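S.K.: sharing a model that was predicted from the sequence below.
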Amino acid sequence: MTGMADEDFAPILDGPGQSDYERYLRTDELLALQKSESEMAHRDELLFQTVHQSSELWLKHACAEIETAARLVDDVSLEAATRLVARGVLGIELITAQLSMLARLSPWEYQEIRKVLGHGSGFDSPGFVEIKRVTPLLGQAFSKAVRSVDASLEEVYRNAPEHPQLYDLAESMVDWDEALRVWRYRHLTVVERIIGNVVGTQGTPVDQLRKLIGNRYYPDLWQVRTRLTDLAGT
């Protein structure tokens, strides 16, 4: 057998880069988004930017899944919607896990990075803002779907075999809500580990971040558990 010539693997896509891998993923642009060594106030700016930039990518993907899932629920494609919600949950779990990288920042050395962050705040994260936009859309679509089968949320849970797709979707939405809460909690603990219980960027008290942890996007899906326990009389 004759070997393949180098030209057989030459890039065929347009754009900069020595290979189609680089051209398709636009790695030249992607890897130029971080500060160069000469621009850094501290070498751990690379770590800080890598964690936050990759988080924004996963948030973008997760929110796209949730928004599409909401449309699918409106179209009564509940199984497909549940699958996308599950993918969105995995995206949030990934960004939660990588917060462990930030926890490795030295509290003292981080102060050098903090000086060059300007008024940057996690509240300004495009992904965080998008979560607040798309998550209620899914909740609204789900409530409409429950009403369409002339059942209460308690009935969906008590008679799951009669409403299997609604039940599975409801539980995937709880997964999403829970993942967001765990992410917020992990973020808070990393903030406390690095800067203590003081004031974050834009003058936000860390205590204010702590209060946000209790927020839930789908309170009905949590409260129904209490009502089911009451109904069971246990």
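M.R.: Good, I have the coordinates.
S.K.: buried residues of the lowest-mean-pLDDT helix or strand in the chain, list them for me.
M.R.: Least confident helix or strand of the chain, by mean pLDDT, DSSP states H and E, is helix 206-212 with a mean of 74. Buried residues in helix 206-212, defined by neighbour count with 16 or more other Cβ atoms under 10 Å: 209, 210. Any C-beta I mention is one placed from the backbone N, CA and C, and that applies to glycine too.
S.K.: just for this protein, where's the confidence low?
M.R.: For the chain, residues meeting the criterion pLDDT under 70 lie at 1-6, 199-205, 234.
S.K.: so which residue is smack in the middle of it?
M.R.: What sits nearest the mean C-alpha location of the chain, by Cα atoms, centre = their mean, is residue 92, with 3.4 Å.
S.K.: hang on, the earlier thing: alpha carbons of the least confident helix or strand of the chain, as CSV, please.
M.R.: C-alpha atoms of helix 206-212 as CSV (Å, rounded to 0.1, in the frame of the first residue of the first chain):
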residue,chain,number,x,y,z
VAL,A,206,-20.0,39.0,49.7
ASP,A,207,-23.0,38.7,52.0
GLN,A,208,-25.2,39.8,49.1
LEU,A,209,-23.8,36.9,47.0
ARG,A,210,-24.7,34.5,49.9
LYS,A,211,-28.3,35.7,49.8
LEU,A,212,-28.6,34.9,46.1
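S.K.: for it, which outside residues touch it?
M.R.: Helix 206-212 has contacts (Cβ atoms under 8 Å, 6 or more residues apart in numbering) with 184, 187, 188, 191, 192, 195, 196, 197, 198, 199, 200.
S.K.: can you point out the buried residues in stretch 151-167?
M.R.: Neighbour-count burial for stretch 151-167 flags 151, 153, 156, 157, 158, 163, 165, 166, 167 (criterion: 16+ other Cβ under 10 Å).
S.K.: now do stretch 107-120
M.R.: 110, 113, 114.
S.K.: export those residues to CSV and tack on distance to residue 98 and secondary structure?
M.R.: What follows is the buried residues of stretch 107-120, written out as CSV (distance: Cβ to Cβ, whole Å; DSSP: H, G, I helix; E, B strand; the rest coil):
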residue, distance to residue 98, secondary structure
110, 17, helix
113, 17, helix
114, 20, helix
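S.K.: the residues you listed into TSV, with extra columns for distance to residue 71?
M.R.: Listed next are those as TSV, based on distance: Cβ to Cβ, whole Å:
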residue	distance to residue 71
110	41
113	40
114	41
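S.K.: tell me the one of these nearest residue 35?
M.R.: Nearest to residue 35 among the buried residues of stretch 107-120: residue 113, at 10.5 Å, using Cβ to Cβ.
S.K.: so which bits of stretch 167-176 are buried?
M.R.: Those would be 167, 168, 169, 170, 171, 172, 173, 174, 175, 176, for stretch 167-176 by 16+ other Cβ under 10 Å.
S.K.: the last one reaches residue 90, doesn't it?
M.R.: The reference is to residue 176. No: taking Cβ atoms under 8 Å as the definition, residue 176 is not a contact partner of residue 90, at 10.4 Å.
S.K.: just checking, what packs against the lengthiest helix in the chain?
M.R.: The single longest helix within the chain, with elements called by DSSP state H, is helix 164-195. With contacts taken as 3 or more Cβ pairs under 8 Å, 6 or more residues apart in numbering; DSSP states H and E, helix 164-195 sits against helix 78-97, helix 99-102, helix 107-114, helix 126-148, helix 153-158, helix 206-212, helix 219-232.
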